[in-house]
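In: Generate coordinates for the sequence data below:
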Amino acid sequence: MKVKLIDSSLRNKVRHTNFTAWHDYLPSFKHQGSLVMVYKELLWPGARYQIKNSHDYTIVQCSLSGKKLLKNSHWEATVNEATSVIHRLYPETPIESINAEEILPYFGYQFWFNSMSNDVDSTLIQLNEEDFANGEMMTIYEAGDNGLETHASLKYGSLSAEGDLIYKPKTSNSKVYIHLIAGKIECANADELITMNNEDSLEVSQIDQIVLKPIKDSRLFIIENTHS
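Out: Numbers count the residues shown, from 1 in each chain. Presented below is the predicted three-dimensional model:
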């Protein structure tokens, strides 16, 4: 079993006026269909997205509620210098004419996957807690080849402090990336007990199952990459 913890203090955070965004590059995930980056940003309702040279990626956007104000016209970040992928976010209406009391942006996550022939270009998911039961993992994105020798999936779940979650990867060769949005959980295995706090992430491989024990109510993403 291999475990790599990325705690929130080690994230590549970028301060932008009155909010902080961050992005993770995941160089160990290089295969077709693999997750290559996680990016947290501020999203505007009705915003447009401008992508350059993005045909190699499938971008999954997941929105979370928030009440941060944005005073600048756009947020721009260089995603991959090697291919000059630029992501730009800007509102449909000029920033000067927006009434901030009526239209508030919200925090969201972007997951960048290496594209496969049968996946989608992009999607926008609104995550509503009341739509699924506690402890249930909701599949947001899934893609793979015909034989499922190459497979990628993104799941979202909510856990209460009363129950554990046992996650079983498709194969012991899968790489699993767990990102804790909010809360506190322990990841238990035969060798050690790892505690995750808000915005910590855990990269796990060479394991048959992962036991997650919430210390308090928690929300998390689980991304799995399977390759033969």
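In: confidence score at K184?
Out: Per-residue confidence (pLDDT) for K184: 94.
In: Go ahead and confirm it touches E199.
Out: No. The criterion here is C-beta atoms under 8 Å, and K184 misses it with E199 at 11.3 Å. C-beta here means a position set from N, CA and C on the backbone, and glycine is covered the same way.
In: helices and strands around the top strand by length along the chain, which ones?
Out: When the chain is parsed with DSSP state E, its longest strand is strand 210-227. Under the contact definition 3 or more C-beta pairs under 8 Å, 6 or more residues apart in numbering; DSSP states H and E, strand 210-227 sits against strand 106-114, strand 150-159, strand 165-167, strand 175-188.
In: Can you mark which positions in it are buried?
Out: Under the neighbour-count criterion of 16 or more other C-beta atoms under 10 Å, strand 210-227 has 210, 212-214, 218-227 buried.
In: Average pLDDT for that strand, rounded please.
Out: 90.
In: Quickly run through the sheet partners of it, with directions.
Out: Strand 210-227 pairs in its sheet with strand 150-159 (antiparallel), strand 165-167 (antiparallel), strand 175-188 (antiparallel), by DSSP bridges.
In: now, of those, which is deepest in the fold?
Out: The highest average neighbour count among these, using mean count of other C-beta atoms under 10 Å, belongs to strand 150-159 at a mean of 22.
In: Just want the angle from that strand to strand 106-114.
Out: When axes from the mean of the first three to the mean of the last three C-alpha atoms, to 10 degrees is applied, the directions of strand 150-159 and strand 106-114 differ by 160 degrees.
In: between the helices and strands packed on strand 210-227, which gets the lowest average pLDDT?
Out: Among the helices and strands packed on strand 210-227, strand 106-114 carries the lowest mean pLDDT, a mean of 77.
In: Okay, now the unreliable bits of the chain?
Out: In the predicted model, the chain carries pLDDT under 70 at residues 15-19, 27-30, 42-56, 65-106, 117-124, 126-134, 146-148, 189-190, 228.
In: Now for I6: which residues touch it?
Out: 24, 200-203 (C-beta atoms under 8 Å, 6 or more residues apart in numbering).
In: Closest to E136 out of these?
Out: L202 (20.2 Å; C-beta to C-beta).
In: Check the burial of E149 by counting its neighbours.
Out: Using other C-beta atoms under 10 Å, E149 has 11 neighbouring residues.
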